[in-house]
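# got a predicted structure plus its sequence, pasted below:
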Amino acid sequence: LGMPSVPTKLADRRVSRKIQVGSVAVGGDAPVSVQSMTTTRTSDIGATLQQIAELTASGCQIVRVACPTQDDADALPIIARKSQIPVIADIHFQPKYVFAAIDAGCAAVRVNPGNIKQFDDKVKEIAKAASATGTPIRIGVNAGSLDARLLQKYGKATPEALVESALWEASLFEEHGFRDIKISVKHNDPVVMVNAYRQLAAQCDYPLHLGVTEAGPAFQGTIKSAVAFGALLSEGIGDTIRVSLSAPPAEEIKVGIQILESLNLRQRRLEIVSCPSCGRAQVDVYKLAEEVTAGLEGMEVPLRVAVMGCVVNGPGEAREADLGVASGNGKGQIFVKGEVIKTVPESKIVETLIEEALKLAEQMEKDGIAS
Ligand code: SF4
């Protein structure tokens with residue numbers, strides 16, 4: 001009898017239609033992208049562009065800006081032109097800002113046509129303008145702003161209610177032949193959210209934007225998002241993600257990227273494999289791991305660095321990694337690519353690891369392995 005086979009990959013990706021958000025493809029075979037939203041007043045062009053630059057530097061691929069006033073709409077042309085990444089204008093209720101965003105060259109618009117249906121013919125005109133410029137629309141259904149009709153029908157924002165709302169919104173565009181759409185059905189409860197996306201995924205081929213809305217402060221929001229996105233992405237559902245945190249937007253990007261790397265949906269960059277420490281530890285593992293992480297922050301190569309507290313699992317893990325240390329007796333054995341290259345006193349472990357990591361990174365960059 002052979003050994004049972006161990007799955008090494010997730011379910012195949014759901015087949016969704018591909019749309020183009022500026023330079024970033026979403027859906028189809030495009031890699032899952034990470035996005036966030038600015039927290040500045042959009043009308044404050046300098047501050048908004050500054051935040052977009054920070055987000056871009058942290059790996060954000062698509063950015064959304066709110067557009068609740070005319071001043072915000074007036075700022076869109078410059079922001080769309082100067083941003084290094086595609087800009088999506090987020091609009092509620094006001095069709096005139098949708099036209100302004102399309103004219104401004106925004107890469108996409110988030111708007112729910114149900115909100116603007118009351119304005120005769122506006123949905124048709126938006127479909128026409130968006131088709132003419134190739135501007136996709138995101139329909140963003142949110143538990144907190146669910147249509148009163150559906151709230152009444154279902155009693156609360158159930159997965160069925162969210163999905164019915166999203167498909168109805170999409171149908172308002174489909175009536176005019178417009179299908180350049182992506183959809184989100186966000187809820188603050190990951191279980192409701194996961195079920196909503198599962199149902200939606202089975203009922204349409206639009207690309208899906210994943211989000212747990214109002215996920216909370218960084219710790220709770222990170223876990224809620226990781227659990228929900230992990231469940232969906234492991235089933236092949238999800239084409240772009242936004243982690244919502246009550247924290248600076250660049251934090252959302254860090255978490256989003258980490259989720260994709262953890263699922264092997266994106267090549268891992270620096271990965272610190274450190275032990276949790278235990279009664280056998282012969283060094284302060286937390287401090288060591290923190291210092292090594294801080295020393296290597298920003299490194300773009302897929303380097304795996306093991307920081308182990310003792311010689312039980314230490315040498316094994318350190319050998320599996322590109323680089324590692326196994327500590328004991330006030331010393332650290334430094335491993336590079338599975339070989340012990342030297343033994344250094346405890347006080348020199350951090351600087352030696354950083355030095356060796358930089359050498360490896362340089363070699364990887366030369367070999368073209370940078371991510
Ligand atoms: Fe404990 Fe050593 Fe394992 Fe770290 S490597 S958790 S110190 S046994």
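Cool, the structure landed. Predicted model only: the values in this text are computed from it and were never measured.

# use CA for all of it now, contacts and neighbours both
Noted.

# distance of the closest residue to the ligand within the stretch 51-200 of the chain relative to residue 95?
Across the stretch 51-200 of the chain, the shortest distance to the ligand (C-alpha to the nearest ligand atom) belongs to residue 58, at 31.1 Å. Residue 58 sits at a distance of 33 Å from residue 95 (criterion: C-alpha to C-alpha, to the nearest Å).

# tell me which of those two has more neighbours.
residue 95 (20 against 17; other C-alpha atoms under 10 Å).

# so what's the more buried one scoring on pLDDT?
Per-residue confidence (pLDDT) for residue 95: 90.

# repeat that for residue 335.
So residue 335 comes in at 90 (pLDDT).

# for it, which non-adjacent residue is closest in space?
Using C-alpha to C-alpha, 6 or more residues apart in numbering and skipping residues adjacent in sequence, the residue nearest residue 335 is residue 324, 5.0 Å away.

# what's opposite the one you found in the beta bridge?
Beta bridges link residue 324 to residue 306, residue 335, judged by DSSP bridges.

# quick one: residues contacting it.
Shown here is residue 324, whose contacts under the criterion C-alpha atoms under 8 Å, 6 or more residues apart in numbering are 305-308, 317-318, 334-336, 353.

# per-residue pLDDT of residue 145, please?
81.

# next, count neighbours for it.
Around residue 145 there are 10 residues (other C-alpha under 10 Å).

# which ones are touching it?
By C-alpha under 8 Å, 6+ apart, no residues touch residue 145.

# residue numbers of the chain in contact with the ligand?
Contact residues (C-alpha under 6 Å from any ligand atom) of the chain with the ligand: 275-278, 280-281, 308-310, 312-314.

# just the buried residues from these, in PyMOL please.
Entered in PyMOL, the line below selects the buried ones among the residues of the chain next to the ligand, by 16 or more other C-alpha atoms under 10 Å:
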select buried, resi 275+281+308+309+310+314
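
# now, which of the residues of the chain next to the ligand lie within helices?
Those of the residues of the chain next to the ligand mapping onto helices are residue 314, per DSSP state H.

# for the stretch 201-350 of the chain, just list every one of the strands.
Along the stretch 201-350 of the chain, counting by DSSP state E, counting those that start in this stretch, strands occupy 209-210, 240-242, 271-274, 304-308, 323-328, 331-336, 339-345.

# nearest to residue 223, out of these?
Closest approach to residue 223 among these (C-alpha to C-alpha): strand 240-242, 13.4 Å.

# what mean pLDDT does the closest one have?
On average, strand 240-242 scores 98.

# any chance you could list what contacts that strand?
For strand 240-242, the external contacting residues (C-alpha under 8 Å, 6+ apart) are 26-27, 32-36, 208-211, 252-253, 256.

# hmm, 7 Å instead?
Contact with strand 240-242 is made by 26, 32-36, 208-211, 256, as judged by C-alpha atoms under 7 Å, 6 or more residues apart in numbering.

# equivalent analysis for stretch 312-323, please.
By C-alpha under 7 Å, 6+ apart, the surrounding residues in contact with stretch 312-323 are 303-306, 308, 324-326, 335-339.

# buried residues in that stretch?
314-315, 317-323.

# count the neighbours of residue 335 for me.
26.

# check residue 48 too.
By other C-alpha under 10 Å, the residues close to residue 48 number 20.

# the closest residue in space to residue 191 that isn't next to it in sequence and the ligand, how far apart?
Excluding its sequence neighbours, the residue lying closest to residue 191 (C-alpha to C-alpha, 6+ apart) is residue 228, at 7.3 Å. Distance, residue 228 to the ligand, using C-alpha to the nearest ligand atom, to the nearest Å: 29 Å.

# so residue 228 makes contact with residue 192?
No. Counting by C-alpha atoms under 7 Å, residue 228 does not reach residue 192; the two are 9.6 Å apart.

# picking up where we left off before, quick one: which of the strands of the stretch 201-350 of the chain is nearest residue 218?
The nearest among the strands of the stretch 201-350 of the chain, by C-alpha to C-alpha, is strand 240-242 at 13.5 Å.
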